[in-house]
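Visitor: Mind looking at a prediction? Sequence and model below.
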Amino acid sequence: MNKEFFEALALLEKEKGVPMNYLLEKIKAAIVIAVKRDYGQNANIIVDIDPETAKFKVAIVKTVVENVENPETEMTLDEAKTYSKRAVMGDNVEIKLETKQFGRIAAQTAKQVIRQGIKEAEREHISMKFRAKEHELVTAEVTRTDIRHGNVIVKIDNSEILLPKSEQVPTEKLEDGDIIKVYVVDASDPTREPKISRTHPGLVKRLFELEVPEVYDGTVEIKSIAREPGSRTKIAVMSHDENVDAVGACIGHRGSRVEVVVSELNDEKIDVVKYSDDPAEFIKAALSPSEIIRVDIVDEENRACRVVVPDDQLSLAIGNKGQNARLAAKLTGWKIDIKPLSAFGE
């Protein structure tokens with residue numbers, strides 16, 4: 001290994017944040033695998049890499065015995081003397097290998113495994129770094145866009161992460177240089193890069209925590225969220241302080257707080273409704289802005305209800321392409337059947 005090799009590792013540490021020592025351990029393990037393919041799976045391989053001196057040593061260690069039963073790990077005294085004149089019975093003797101001694105196939109394997117080892121080391125390091133940010137909001141910069149497939153690459157703390165098209169808001173077009181907020185959905189698997197999203201309901205929750213102090217400190221609790229990214233979101237909130245209006249706190253003076261969240265979500269509409277332990281009251285609030293006459297619980301066990309609305313409110317209650325009713329059902333966890341008042345002859 002030459003000086004350039006270690007300079008490349010140092011550059012990778014600087015640019016990607018992957019510690020050189022971490023990479024070297026991965027490379028050592030990769031070299032062991034490659035050497036064992038030529039010298040046997042039971043061979044005792046030692047690899048020593050010193051970045052300060054740029055020295056690299058690979059050796060096979062064999063025990064000196066009278067009768068060799070396992071040539072992968074044992075050798076006779078006569079053989080040992082060719083490597084160490086002071087060798088005696090029972091000694092562990094190192095057989096130093098030069099890179100060319102690995103054999104062409106082993107050398108090729110080493111290169112491939114080392115390359116893969118560096119990729120795995122980088123991926124594992126990113127995963128460890130993001131584990132503390134799981135289910136949190138992070139700021140990201142768009143660095144590359146794939147026009148053909150719609151995926152984008154974003155940079156977060158010097159790490160480049162894929163933001164798939166499926167996790168992007170359909171109505172927004174991301175461009176290189178854009179600064180956005182993303183939600184870290186999962187960073188638990190060290191063999192895969194963290195999953196980030198712009199469509200996850202958790203993104204909305206964290207945005208409200210940023211903009212609404214009462215949500216951040218727990219005075220106002222977000223009980224549930226129903227979202228159709230890029231179009232509309234409904235959130236149900238409740239207050240743990242009788243002097244604090246949960247809905248008002250989230251909306252802010254003249255809509256100042258909710259508007260910040262709407263802007264971050266590319267003008268996605270947001271309905272903030274009051275949560276209630278009474279299913280009928282909660283369902284009624286969830287169907288806002290429609291006027292509701294009554295909510296009849298049809299099957300409490302299966303969480304099914306019938307909602308009666310004025311005839312002129314039917315389309316509003318159902319919403320465009322059924323969106324309002326769909327989001328209300330998702331928000332409350334109830335199956336909602338909306339009927340006009342005229343259907344009952346009233």
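Guide: Cool, got the structure.

Visitor: quick one, what contacts Val273?
Guide: The contact partners of Val273, by Cβ atoms under 8 Å, 6 or more residues apart in numbering, come to Lys234, Ile235, Ala236, Val237, Val247, Ala285, Ala286, Ser288, Leu331. C-beta coordinates here come from the backbone N, C-alpha and C atoms, glycine included.

Visitor: and it, what element?
Guide: strand 269-274 (DSSP states H and E).

Visitor: Report the spatially nearest residue to Val260, omitting neighbours in sequence.
Guide: Among residues not flanking Val260 along the chain, Glu211 sits closest, at 5.0 Å (Cβ to Cβ, 6 or more residues apart in numbering).

Visitor: try Arg131
Guide: Ala187 (4.9 Å).

Visitor: still on that earlier bit, mean confidence score for the following helix or strand past the strand holding Val273?
Guide: Per DSSP H and E, the first helix or strand lying C-terminal to strand 269-274 is helix 279-286. Average pLDDT, helix 279-286: 96.

Visitor: Show me what helix 279-286 packs onto, helices and strands only.
Guide: If you count contacts as 3 or more Cβ pairs under 8 Å, 6 or more residues apart in numbering; DSSP states H and E, helix 279-286 packs onto strand 232-239, strand 269-274, strand 294-299, strand 304-309, helix 323-332.

Visitor: mind putting those in a markdown table, mean pLDDT and distance to Arg148 included?
Guide: Putting the helices and strands packed on helix 279-286 into a markdown table (pLDDT from 0 to 100; distance: least, Cβ to Cβ, whole Å) gives the following:
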| stretch | mean pLDDT | distance to Arg148 |
| --- | --- | --- |
| strand 232-239 | 97 | 29 |
| strand 269-274 | 96 | 31 |
| strand 294-299 | 94 | 48 |
| strand 304-309 | 96 | 45 |
| helix 323-332 | 97 | 30 |
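
Visitor: Would you format these as CSV with distance to Thr53 included?
Guide: Listed next are these as CSV, based on distance: least, Cβ to Cβ, whole Å:
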stretch, distance to Thr53
strand 232-239, 59
strand 269-274, 61
strand 294-299, 77
strand 304-309, 75
helix 323-332, 63
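
Visitor: How much space separates His200 from Leu265?
Guide: The spacing between His200 and Leu265, counted by Cβ to Cβ, to the nearest Å, is 12 Å.

Visitor: Show me which of the two is the more surrounded one.
Guide: Taking neighbours as other Cβ atoms under 10 Å, His200 and Leu265 compare with Leu265 leading, 23 against 20.

Visitor: Mind jotting down where the strands sit in the stretch 51-200 of the chain?
Guide: Along the stretch 51-200 of the chain, the segments classed as strands by DSSP state E, counting those that start in this stretch run 55-64, 74-75, 92-97, 137-145, 152-156, 159-163, 179-186, 195-197.

Visitor: Please tell me how far the nearest residue to Ser276 once chain neighbours are set aside sits from Asn151.
Guide: Nearest residue to Ser276 in three dimensions, chain neighbours excluded: Phe282, at 4.4 Å (Cβ to Cβ, 6+ apart). Phe282 sits at a distance of 38 Å from Asn151 (criterion: Cβ to Cβ).

Visitor: Who has more neighbours out of those two?
Guide: Neighbour count, other Cβ under 10 Å: between Phe282 and Asn151, Phe282 has more, with 24 against 17.

Visitor: thinking again about what came up before, looking at the contacts of Val273, state which has the most neighbours.
Guide: Ala286 (29 neighbours).

Visitor: pretty sure that one is touching Thr332, no?
Guide: Yes - Ala286 lies in contact with Thr332 (Cβ atoms under 8 Å); the separation is 5.1 Å.

Visitor: if we can go back for a sec, ok, of the contacts of Val273, which one's closest to Ser276?
Guide: Ala285 (6.7 Å; Cβ to Cβ).

Visitor: before we move on, the earlier item: quick one, which of the strands of the stretch 51-200 of the chain is nearest to Lys36?
Guide: Comparing the strands of the stretch 51-200 of the chain under Cβ to Cβ, the one sitting nearest is strand 55-64, at 9.6 Å.
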